[in-house]
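# with the input below, show me the fold.
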Amino acid sequence: MTSETHTQPTLFDELSFVEHIESLINDSESSDLEFKSAQGGFPESFWETYSAFANTQGGAIVLGVGEKKGVVKVEGLTREQIDRYKKDFWNKANNREFISSNLLKNEDIEEGEYNGKLLLVFNVPRADRHQIPVYRTTNPFGNTFKRNHEGDYKCTDPEVKRMIADSDDAHPQDARILENFTMSDIDSDSLRQYRQLFSINNSSHPWLGLDDRQLLEKLGGYREDRRTKQQGLTLAGLLMFGKTASIQDSECTPQYFPDYREYLSADPNDRWTDRIYPDGTWEANLFQFYRRVFPKLASFLPKPFKLENGIRKDETPTHIALREAFINSLVHTDYTVPAGIVIESHKNRFKFSNPGTLLISTIQYYKGGESVCRNTSLQRMFMMIGSAEKAGSGVDKIMSGWKGANLAHPYIEETVRPDKVILELPLVSLLSTETISELKRIYGVDIESIDRNKLLALATCCTEGEISNDRLRLLLDLHRADITRLLQELCKSRHLISSGVGRGTRYTINQEFLGGASILVDKDVSKDESKGVSKDESNDGDERSRLSKYELQKQILDVCIEYQSVETIACLVHRTAHYLISRIIPSMIKDGLLEREFPSSPRHPQQRYRAKAYKL
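Numbers count the residues shown, from 1 in each chain. A predicted model of the protein is given here:
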């Protein structure tokens, strides 16, 4: 575990004030954005949003902009109001009887003019785990807020208690001594099999000569409290090696339920094609769950033949990344949350869902290099059999393993009520043979010699129809400002064409780079980038462009019997992805004709759509 702190990038780092406000208005449905009119004074609701952003993933609060029923109105503030509001903020932010922590610096507050109106913007970062919960008054209970897609909500007492427990890294959750549990609650077969793996990983380790209880003590599965002299099995010991009934006892973790599911059938009526869960036929502790599930996960990955020191080596960096993602979901679970661990294998992705919250921000997660573990004894147990990393390298291995295989970037998100962390590892290649061939056709055979980050940007744009700064932040290990410069260079070299302003800017392939048109985007559908008008909406062109909205929607429903990406839909109905996602699909979702595969995350990078109604 490192003590290094990471500064989160400010929202104002590479955009002018006008560009920044424009991008925020374009993102008005975002869960990390709040508009407040502030015409009648500094809004008291500001502090609830401040608490909610601090306890979730941070966000921007804009004063001087009203929002009602999704309609945004720039109202503006007077010079006097801005000066007074800034003074009010600093006075209250530094008053511990009013708010528990001041997270902002001077550079986190920006004022400026937009369309002749003065506005004030506050960039609220996610609080450090030792500052969470951030709450109103001096009492966290009843005064702590979090954020979801509907806005700010007041946390329950159990939620607040979990946040307080997470802030105390001196007392990890899994070190809790369980009263009235004994060695008889341990599954002896699990401990014996663990010893065998331990021995394979380090055959001369001195712990191997210890008896079962002594081994558990070394691993953190059994301990004595120096202050109270209480001793016994810890939560980690029972979770890792215990009998199912003991783990699910009301005095331990009654909500414990690890669940593995495979979804490989093309039939939408099939719930799953394989499942491993506590069904009474095996002791469903974490060790046995790991032994049964990981081989199934690994079977989805290719195993190229490779010799290392004369020994066949089947494990690739991608296998290591997959294992690390699986172990992370087990050792970072909050076992007090009333929800289970769910691991899923799909044809196009792996999905790991574990109860709890991230102990670092998503920005820090993607950046890597920082390790904060909720259950340190469980982590040690997996480390001793060579199945886990420490010191921040676990996330790094996940990212590098997927990047090295040219697979789409891993995607992580938090959901609430119940708290869950969801990590997805796409099985979609960014640099497939087909994509490279298409890029060569458009740009020439020398395109592979271009800078790798630029090549990935072009490949993503080629397969997805368009890209943005935010999309590339999930793919490239670069700061947002660096990505902005990369995109500007690709536009200057005429590889890409841009449209839009600020965060709303989108980039598409320049189909006329060598006078050709991409086969991945319908060449008969052109787009006037300056006006945002496509031939689909004109009276010109062939018969396809004169289809009525009714006929186009019917075509989309016909091809969406199963979940399809917008790029696939665009190809099948001969329209551009940009036109469909901006003009057609939103209204079909609103009308109940289509449904998202990820309904709680509309901007999910792997979003797909399926028909809810098959006839219009």
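# so which bits of the strand or helix carrying residue 85 are buried?
Using DSSP states H and E, residue 85 maps to helix 79-93. Under the neighbour-count criterion of 16 or more other C-beta atoms under 10 Å, helix 79-93 has 81, 82, 85, 86, 89, 92, 93 buried. Bear in mind the C-beta positions are built from the backbone N, C-alpha and C, glycine included.
# center of this protein - which residue?
For the chain, residue 412 is the residue whose C-alpha lies nearest the centre (C-alpha atoms, centre = their mean; 1.8 Å).
# A strand includes it, no?
Yes. If the criterion is DSSP: H, G, I helix; E, B strand; the rest coil, then residue 412 is within a strand.
# how close does it get to residue 140?
Distance from residue 412 to residue 140, counting by C-beta to C-beta, to the nearest Å: 27 Å.
# please apply the same query to residue 52.
According to C-beta to C-beta, residue 52 stands 14 Å off from residue 140.
# in terms of neighbours, single out the busier of those two.
The neighbour count for residue 52 versus residue 140, taken as other C-beta atoms under 10 Å, is higher for residue 52 (26 against 20).
# okay, the helix holding residue 85 in PDB with CA atoms only?
Output of helix 79-93 as PDB, limited to C-alpha atoms (Å, rounded to 0.1, in the frame of the first residue of the first chain):
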ATOM      1  CA  ARG A  79     -20.800  41.000 -10.100                       C
ATOM      2  CA  GLU A  80     -22.000  41.700  -6.600                       C
ATOM      3  CA  GLN A  81     -23.600  38.300  -6.300                       C
ATOM      4  CA  ILE A  82     -20.500  36.500  -7.400                       C
ATOM      5  CA  ASP A  83     -18.300  38.300  -4.900                       C
ATOM      6  CA  ARG A  84     -20.800  37.600  -2.100                       C
ATOM      7  CA  TYR A  85     -21.200  34.000  -3.000                       C
ATOM      8  CA  LYS A  86     -17.500  33.300  -3.100                       C
ATOM      9  CA  LYS A  87     -17.200  34.900   0.400                       C
ATOM     10  CA  ASP A  88     -20.100  32.900   1.700                       C
ATOM     11  CA  PHE A  89     -18.600  29.700   0.300                       C
ATOM     12  CA  TRP A  90     -15.200  30.100   2.000                       C
ATOM     13  CA  ASN A  91     -16.700  31.200   5.300                       C
ATOM     14  CA  LYS A  92     -18.900  28.100   5.500                       C
ATOM     15  CA  ALA A  93     -16.400  25.600   3.900                       C
END
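# buried sites along the helix or strand following it?
Past helix 79-93, further along toward the C-terminus, the next helix or strand under DSSP H and E is strand 109-114. Of all the residues in strand 109-114, those buried under the rule 16+ other C-beta under 10 Å are 109, 110, 111, 112, 114.
# tilt between the helix holding residue 85 and strand 109-114?
160 degrees (axes from the mean of the first three to the mean of the last three C-alpha atoms, to 10 degrees).
# turn the buried residues of helix 79-93 into a markdown table, columns for distance to residue 162 and pLDDT.
Listed next are the buried residues of helix 79-93 as a markdown table, based on distance: C-beta to C-beta, whole Å; pLDDT from 0 to 100:
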| residue | distance to residue 162 | pLDDT |
| --- | --- | --- |
| 81 | 39 | 95 |
| 82 | 38 | 95 |
| 85 | 34 | 96 |
| 86 | 34 | 96 |
| 89 | 29 | 96 |
| 92 | 27 | 95 |
| 93 | 25 | 95 |
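# residue 186: which of those residues is nearest?
Nearest to residue 186 among the buried residues of helix 79-93 is residue 93, at 50.6 Å by C-beta to C-beta.
# wait, the closest one touches residue 102, no?
Yes. Residue 93 lies in contact with residue 102 (C-beta atoms under 8 Å); the separation is 4.1 Å.
# quick one: the helices in the stretch 301-450 of the chain, in order.
For the stretch 301-450 of the chain, helices defined by DSSP state H, counting those that start in this stretch occupy the ranges 317-331, 362-367, 376-383, 393-404, 433-443.
# in terms of mean pLDDT, which of the ones you listed ranks lowest?
For the helices of the stretch 301-450 of the chain, the weakest mean pLDDT is recorded on helix 362-367, namely a mean of 80.
# next, give phi and psi for residue 262.
Dihedral pair for residue 262: phi -110, psi 130, per degrees, to the nearest 10.
# hmm, residue 275 and it touching each other?
Yes. The criterion here is C-beta under 8 Å, and residue 262 meets it with residue 275 at 7.2 Å.
# settle it for me: which of the two has more neighbours?
Using other C-beta under 10 Å as the criterion, residue 262 and residue 275 rank with residue 262 on top: 18 against 11.
# who are the contact partners of that one?
Residue 262 makes contact with 272, 273, 274, 275, 296, 344, 345 under the criterion C-beta atoms under 8 Å, 6 or more residues apart in numbering.
# hmm, residue 346 is touching residue 265, no?
No. At 10.6 Å, residue 346 does not count as touching residue 265 under the criterion of C-beta under 8 Å.
# hmm, back to that, and which of the contacts of residue 262 is nearest to residue 206?
residue 296 (34.1 Å).
# what packs against the helix or strand containing the closest one?
Taking DSSP H and E as the definition, one finds residue 296 inside helix 286-298. Judged by 3 or more C-beta pairs under 8 Å, 6 or more residues apart in numbering; DSSP states H and E, helix 286-298 is in contact with helix 188-201, helix 235-241, strand 259-263, strand 274-276, helix 317-331, strand 342-346, helix 376-383.
# residues making contact with that helix?
Helix 286-298 is contacted by residues 187, 190, 193-194, 239-241, 258, 260, 262, 274, 276, 282, 319, 322-323, 326-327, 330, 343, 345, 350, 378, 381-382, 387 when judged by C-beta under 8 Å, 6+ apart.
# what's the following helix or strand after the strand or helix carrying residue 470?
Element membership of residue 470 [criterion: DSSP H and E] is helix 469-473. For helix 469-473, the following helix or strand on the C-terminal side (DSSP H and E) is helix 480-492.
# list the buried residues of that next one.
Buried residues in helix 480-492 (16+ other C-beta under 10 Å): 480, 483, 484, 486, 487, 490.
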